[in-house]
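Chemist: requesting a structural model of the entry that follows:
(2 chains)
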There are 2 protein chains.
Amino acid sequence: MRGPYERFAAPARAAMPRLTEAERTVVTRELHEMKHRGAPGEPLLESLRHVAAEVPERLYTDSAHVLLRMHEIAGSGNLQSNLSSLPLVRACFAHELVDHGGRAELVVGRGHIAPAFYAERYVRGSLPFAPLTTLHQGGLTGVVHRELGFRNTMRYSLGVGVVQAVSLAWELTRRGESRKVVCLAGDGELHEGAAFEALRFAYDAGLTNLVLVVDANGKGIEPLAKPLNTRYLAAYLGTLTEVDGCDGPAVETALGDALDAPGPSVLVCRTRKGEHSFKPAGAQPAPPERPVSFVTTAGRMLAAHQDLSGAELAVFTPDMAARFGLRGHLPYTNTGLAETLTVGMPLSLPDHITKVVATDAMYYMDSLSMLTEATTSVRNLLVLAGRSWGAWGGAHNATNMLGLLLHTRVYEPVTAAEFHACLDRLGGDPATTHVLSMVDAVFEPLPQDCSADIDGGVWLTPPGESPDAAVVTFGYASALVAAANQGLAVPHLHCASLTPRLDPGVLDVLARTRRVLSVEYNGADGGFGERLRSEYLLPVDVHAVRRDIATRAHHHQLPLHGMSTAQLRDRLVRLLERREEAVHAPAYA
Amino acid sequence: MRGPYERFAAPARAAMPRLTEAERTVVTRELHEMKHRGAPGEPLLESLRHVAAEVPERLYTDSAHVLLRMHEIAGSGNLQSNLSSLPLVRACFAHELVDHGGRAELVVGRGHIAPAFYAERYVRGSLPFAPLTTLHQGGLTGVVHRELGFRNTMRYSLGVGVVQAVSLAWELTRRGESRKVVCLAGDGELHEGAAFEALRFAYDAGLTNLVLVVDANGKGIEPLAKPLNTRYLAAYLGTLTEVDGCDGPAVETALGDALDAPGPSVLVCRTRKGEHSFKPAGAQPAPPERPVSFVTTAGRMLAAHQDLSGAELAVFTPDMAARFGLRGHLPYTNTGLAETLTVGMPLSLPDHITKVVATDAMYYMDSLSMLTEATTSVRNLLVLAGRSWGAWGGAHNATNMLGLLLHTRVYEPVTAAEFHACLDRLGGDPATTHVLSMVDAVFEPLPQDCSADIDGGVWLTPPGESPDAAVVTFGYASALVAAANQGLAVPHLHCASLTPRLDPGVLDVLARTRRVLSVEYNGADGGFGERLRSEYLLPVDVHAVRRDIATRAHHHQLPLHGMSTAQLRDRLVRLLERREEAVHAPAYA
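Modeler: Residues are numbered from 1 along each chain as shown, chains lettered A, B, ... in the order given. Sure, this is the predicted structure:
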């Protein structure tokens, strides 16, 4: 584990220009303390507590104000979610649930309210200010993590918090311990089937030590269709109490009562929440000519396809209309935070309708059997798989796995023309589900694309007669490599298909090229490059993602995976320089 | 689509020895009719209706008796499930829900009660007897399928029926149609999170046309921990009626009332169910020396490991204790039919405990994000993935996909020694989740195994000096190929690891071998053989599964995938005979 200085100093320094004079002064002193504090193996929170003790003055005394500053400095995040839960978070501190060994165990299912805990720790004097300036920038994560003082870590699966809480409640019961487990959940997250499975099991197994606390703000990303169904929760947890979640003392009292009372219970805090995603005050609406994230153009492109082809579309999304830019472009059904249902909604629709499912690539991973039901029985199915790898990331191999399902083909279009070519291809091959990986990033448009032959490849930099080296790239990686290749002129083949059908001319060039590198922004195992090796027995070197995702913003994610422009450029330079002998042999030699 | 003769004649003839004299006579006449009936493109059910009209006499008039005979002839199946739902099935016929265009749409979520519908069709004169003799034998499927007169097909995902019903109810609502959708579900299946997601959406979307009918027999495979929570269902569907499900007239009346009443509703039929799996009357318990399905020895092997190593085990299974032979060998927690929860139950357990999750390989596919939470945060995790590909099959690529998750390694042990070697390996590498594909088949023990080096390969038939051909196999396929290779003596390398680490000596032999065939009983795409090509650039020919699974018994499943002894033997003979030139080149040449 990195110490506090290694973790926070660089992003805190990068944040300096966005700080007030007073903040800068404090952060500078704190970094100085961190640098000279280095008990090896000391838990991160413990080190930070000591630093806070050395620089004890507080810039702010209200954690709501601290939260606002954190989001202003970060420039993004979920400020309103954090604010809606803040009285609840304060009540957790008041009842000593936050640090291990307190009155009860606390599992935070509302994963992205981690900042509310940091803010509260700050005003209580156990956290310095410097880490707060690094939210989403490689320092503090916006989602709960064990390293940062939480009992649980959330990475992939929505609804996992309730499952983690029930896992713990069951284990404590099995060990004969009577401590309670408090689970903080959101009303949107309770839409997830996994949360239901956990509550049903807790009831059937007779667990008496579970206290479910719900921040019922009536909103996921968009407003929920109906308020939280309290009769459902009471059916499984018995005692149900409702309280005004904006009334701090009332929340604290109600939580204490739930901890004192015997048996399981549920505490519903009625709260209010503003816009889901934080926008800095005074931020201008994006001018029309400004490039936007590719994924947000999906709605417009789908509408254009509908106009051109006359196809009837039925669009389903689990609360991600904003991400895919659907609103105002075409009708859609918001299925709520219910991933598996969303994937199953096309199952009974007539053949002629083009069914569009739009969610995060990661979320399909909890619905692959349901998706296989669809790919084997539904015609005209378009699966949009958003991938950000950003602050709330996506499993790096989701794209590869979707390609392994029966009757699917995977594309990662990076131009509108490629997107339309994929839809046209679906029209001609409706029995094959077309999965489109939709990149959540802003990037320079490619000079050429695969729209003329969406299954093939196109040279962005032509190979000439007899090239020594070449790079073959998939989807978004093509844009990254094209930027890195400026001035180097490495022959560069771009593919939009995860499993391209390369024509004999292209294969002939690649087979005669001494060194071939493949680059993709998805998992190495079973991915684009390995498929090139396996399918064509081309001895390509695979440059792809090999580590876990991290909860940090996209531009901080890229260097983790060797995908920054500088790193890729360095890789291409080495490709040009590398000697021949070491390369052409198979991996075992 | 195959006509009735092509579909039913061969399995019906194979069943003849198990039929009564009277049954044989009728079946012979029916097959004669089928053979001479052949309106091309006629729906299967329509053809069968005509055959039944030509041979109108009925051997039995009680569909319960027909169900018993079907299961006696098949020798396996879920007789008791079918019997518990039979009054409900009869009520569906009485209200004309079974054929399309009837009073309402019927979606059968209790997938394996298809035989009750066939039996009822038979006594009502619209189905001949011959198909009934082919259940699970390649003729009739035990699970609902559109080809066989159902509105929906079930293949992969438990709980999909409720999702299909809600998909249809939503689509009818969108089209402005007022027809109702009746969904037949079981109380066990309602444990699935996907079913909850569907009911919650139906409520939030204000669907008024859903009638949920629950066969509440209080049993999955084992008895449910608590009876169906009716307050939960009433919270989402409003009107709830309970009826004695064994009282045919009462069920029929209650279903009629639900169809007549405005708005959504739920009808709970309290029924009784005997043993989940059918055992022929008078069947002897298996003598101890008789070989049993490998998967059922898991409980005994886990207990032996616990005794030897002193490890503390926590075992979780979604109602599959019988399949893995857990009972009587070690304690386990039955989580009910809640796949995602089961995968998440290890999340909060202490590091030192060996966490064992035991379910069907297919069911993990709806929980891969949850599983990734576990593989990235839990130590000492053992994932048992049962695979039958039998009457209730498993997605053919589940094994491959599990191997793509972060921090996993996949093995398919086929001897007790290999199983123990996998557990020892987990003990030495607790940060890596060990996935064990557990084969649900009886097979001859291998003469040698990989227990000494579980990541490597072992020659079952040694290669000699300079072999012309060799076959490399994975797990269960090794047993299949060993049987086929008797007398042929093709050099044969067996691996227990999906991604073996072959030593230089073995690789040297394979690289010098003119023709290498790989055989695995999982999906070709991204599987064992493709990994050999990709990892070692060995130009192996991959023999693996390329089609969908089918709902039929194991010995009928093998030939579908070219895995019968005769087919494999033929493949090995061709390997020995094949000329050199066509083989060594890469796939694109």
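Chemist: surely A:Val107 is in a strand?
Modeler: Yes: the assignment for A:Val107 is a strand, going by DSSP: H, G, I helix; E, B strand; the rest coil.
Chemist: count the residues that sit near it.
Modeler: By the other CB atoms under 10 Å in any protein chain shown criterion, the neighbourhood of A:Val107 contains 28 residues. To be clear about C-beta, it is placed using only N, CA and C from the backbone, and glycine gets the same treatment.
Chemist: ok, A:Pro413 touching A:Arg425?
Modeler: No: the pair A:Pro413 and A:Arg425 does not pass the contact test of CB atoms under 8 Å, sitting 10.7 Å apart.
Chemist: between the two, who's got more neighbours?
Modeler: When A:Pro413 and A:Arg425 are compared for neighbours, A:Pro413 comes out ahead with 27 against 17, by other CB under 10 Å.
Chemist: I'd like the distance between that one and chain B.
Modeler: Look at A:Pro413 and chain B: by CB to the nearest CB, to the nearest Å, they are 22 Å apart.
Chemist: tell me the secondary structure at that residue.
Modeler: Per three-state DSSP, the secondary structure class of A:Pro413 is coil.
Chemist: so what's it closest to, chain neighbours aside?
Modeler: Sequence neighbours aside, A:Phe419 is the residue nearest to A:Pro413 in space, at 4.3 Å (criterion: CB to CB, 6 or more residues apart in numbering or on different chains).
Chemist: residue of chain A nearest chain B, please.
Modeler: Among all residues of chain A, A:Gly193 sits closest to chain B, at 2.0 Å; criterion: CB to the nearest CB.
Chemist: export stretch A:484-500 as PDB, just CAs?
Modeler: Taking only C-alpha atoms (Å, rounded to 0.1, in the frame of the first residue of the first chain), the coordinates of stretch A:484-500 have been written out as PDB:
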ATOM      1  CA  ALA A 484       0.800   9.000 -30.600                       C
ATOM      2  CA  ASN A 485       1.900   8.000 -34.100                       C
ATOM      3  CA  GLN A 486       2.000  11.600 -35.400                       C
ATOM      4  CA  GLY A 487       5.400  12.100 -37.000                       C
ATOM      5  CA  LEU A 488       6.400   8.500 -36.500                       C
ATOM      6  CA  ALA A 489       4.500   7.200 -39.400                       C
ATOM      7  CA  VAL A 490       4.300   3.600 -38.200                       C
ATOM      8  CA  PRO A 491       2.000   1.800 -40.600                       C
ATOM      9  CA  HIS A 492      -1.300   1.700 -38.700                       C
ATOM     10  CA  LEU A 493      -4.400  -0.500 -39.400                       C
ATOM     11  CA  HIS A 494      -7.600   0.400 -37.700                       C
ATOM     12  CA  CYS A 495     -10.400  -2.100 -37.000                       C
ATOM     13  CA  ALA A 496     -13.900  -1.500 -35.700                       C
ATOM     14  CA  SER A 497     -14.600  -5.200 -35.200                       C
ATOM     15  CA  LEU A 498     -13.300  -7.100 -32.200                       C
ATOM     16  CA  THR A 499     -12.900 -10.100 -34.500                       C
ATOM     17  CA  PRO A 500     -12.000  -8.600 -37.800                       C
END
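Chemist: which residue ranges of the stretch 251-400 of chain A form strands?
Modeler: Using DSSP state E, counting those that start in this stretch, the strands found in the stretch 251-400 of chain A span residues A:265-270, A:313-317, A:333-334, A:354-360, A:381-387.
Chemist: ok, the residue of chain A closest to chain B - contacts?
Modeler: Contact analysis of A:Gly193 by CB atoms under 8 Å, 6 or more residues apart in numbering or on different chains lists A:Gly159, A:Ala338, A:Glu339, A:Thr340, A:Leu341, B:Glu192, B:Gly193, B:Ala194, B:Ala195, B:Phe196, B:Glu197, B:Thr340.
Chemist: now render those as JSON lines, adding pLDDT and distance to B:Thr317.
Modeler: Listed next are these as JSON lines, based on pLDDT from 0 to 100; distance: CB to CB, whole Å:
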{"residue": "A:Gly159", "pLDDT": "78", "distance to B:Thr317": "21"}
{"residue": "A:Ala338", "pLDDT": "94", "distance to B:Thr317": "25"}
{"residue": "A:Glu339", "pLDDT": "92", "distance to B:Thr317": "24"}
{"residue": "A:Thr340", "pLDDT": "95", "distance to B:Thr317": "21"}
{"residue": "A:Leu341", "pLDDT": "96", "distance to B:Thr317": "25"}
{"residue": "B:Glu192", "pLDDT": "95", "distance to B:Thr317": "15"}
{"residue": "B:Gly193", "pLDDT": "96", "distance to B:Thr317": "17"}
{"residue": "B:Ala194", "pLDDT": "96", "distance to B:Thr317": "19"}
{"residue": "B:Ala195", "pLDDT": "97", "distance to B:Thr317": "19"}
{"residue": "B:Phe196", "pLDDT": "97", "distance to B:Thr317": "21"}
{"residue": "B:Glu197", "pLDDT": "97", "distance to B:Thr317": "23"}
{"residue": "B:Thr340", "pLDDT": "94", "distance to B:Thr317": "14"}
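Chemist: picking that back up, surely the residue nearest to A:Pro413 is within a strand?
Modeler: No: judged by three-state DSSP, A:Phe419 forms no part of a strand; its state is helix.
Chemist: you'd agree it is up against A:Arg425?
Modeler: No: taking contacts as CB under 8 Å, A:Phe419 lies outside contact range of A:Arg425: 10.8 Å.
Chemist: is stretch A:557-571 in proximity to chain B?
Modeler: No: using CB under 8 Å from any CB of the partner chain, stretch A:557-571 stays clear of chain B, with a minimum separation of 13.5 Å.
Chemist: now stretch A:82-101: buried residues?
Modeler: Burial within stretch A:82-101, assessed by neighbour count using 16 or more other CB atoms under 10 Å in any protein chain shown, is assigned to A:82-95, A:97-98.
Chemist: check the offset of that stretch from the chain's centre.
Modeler: Here the centre of stretch A:82-101 is set off from its chain's centre by 25 Å, with CA atoms, centre = their mean, to the nearest Å.
Chemist: residues in contact with that stretch?
Modeler: Contact partners of stretch A:82-101, identified using CB under 8 Å, 6+ apart, comprise A:63-64, A:67, A:102-106, A:110, A:112-113, A:115-117, A:119-121, A:124, A:149, A:151, A:182, A:184, A:213, A:215, A:217, A:245-248, A:251-252, A:255-256, A:259, A:269, A:271-274.
Chemist: put the buried members of these into a ChimeraX selection.
Modeler: Those of the contacts of stretch A:82-101 that meet the burial criterion (16+ other CB under 10 Å) are gathered into one ChimeraX selection, given here:
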select /A:63,64,67,104,105,106,110,112,113,115,116,117,119,120,121,149,151,182,184,213,215,217,245,251,252,255,259,269,271,273
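Chemist: and the contacts of stretch A:82-101 near chain B, which?
Modeler: With the criterion set as CB under 8 Å from any CB, the members of the contacts of stretch A:82-101 near chain B are A:Arg151.
Chemist: in helices, which of the buried residues of stretch A:82-101 appear?
Modeler: Secondary structure from DSSP state H places A:82-94 of the buried residues of stretch A:82-101 in helices.
Chemist: pLDDT added to these, as JSON lines?
Modeler: What follows is these, written out as JSON lines (pLDDT from 0 to 100):
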{"residue": "A:Asn82", "pLDDT": "94"}
{"residue": "A:Leu83", "pLDDT": "94"}
{"residue": "A:Ser84", "pLDDT": "91"}
{"residue": "A:Ser85", "pLDDT": "94"}
{"residue": "A:Leu86", "pLDDT": "96"}
{"residue": "A:Pro87", "pLDDT": "96"}
{"residue": "A:Leu88", "pLDDT": "97"}
{"residue": "A:Val89", "pLDDT": "97"}
{"residue": "A:Arg90", "pLDDT": "98"}
{"residue": "A:Ala91", "pLDDT": "98"}
{"residue": "A:Cys92", "pLDDT": "97"}
{"residue": "A:Phe93", "pLDDT": "97"}
{"residue": "A:Ala94", "pLDDT": "97"}
